[in-house]
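[1] starting from these lines, generate the structure:
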Amino acid sequence: MRRQLRHLLELGERPNVTIRAVPFSQPGYTGTSGAFTLYRYPDPLDLDVVQVEYLDGALYLEEEKTVQRYEGALKLLMDSALPVSETEQLIAKIARDF
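    Below is the predicted model:
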C-alpha cells in the first residue's frame, strides 16, 4: 500500500492530474451510489455525457436533467474534498505511517 500511495503522489505531479481526498471525518458528504465519469465538451453542439459504471459494463447518459444531477453530485464531492495540498499531506502521512 505504501508504494501505491507514493505512486498517487507521483501521479499528482502531472499537469493533467488532480488528486483530492474526502476524509471519512468529513460531515455532510454522503457519497454517490457508484463510480461515474462526467464528460464535458467545449463545442456546444456536443452533448455532455455521464458514464455510469457497473459490474458488467457501463451506461452512457445524455439527458440534460440527468447530466445536471451528476454535475450536482460532482460539485458536492469537490466541495467536500480537501484542497490538493492537504490531500498530498494526508497521503504522504498515511504512506509514512503505514
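[2] any idea how far the residue in the chain sticking out farthest from the centre is from Met78?
    In the chain, the residue that sits farthest from the middle, by CA atoms, centre = their mean, is Leu45; the gap is 25.7 Å. Separation of Leu45 from Met78 (CB to CB, to the nearest Å): 27 Å. Quick note: C-beta positions are derived from backbone N, CA and C, even for glycine.
[3] next one: Val84
    The spacing between Val84 and Met78, counted by CB to CB, is 11 Å.
[4] and stretch 9-23, end to end?
    Using CA to CA, to the nearest Å, the end-to-end distance of stretch 9-23 comes to 17 Å.
[5] how far is that stretch from where the chain is centred?
    With CA atoms, centre = their mean, to the nearest Å as the basis, stretch 9-23 stands 10 Å off its chain's centre.
[6] list the helices and strands the helix or strand hosting Ala73 packs on?
    If you go by DSSP states H and E, Ala73 is part of helix 64-80. In terms of contacts (3 or more CB pairs under 8 Å, 6 or more residues apart in numbering; DSSP states H and E), helix 64-80 is packed against strand 36-39, strand 49-54.
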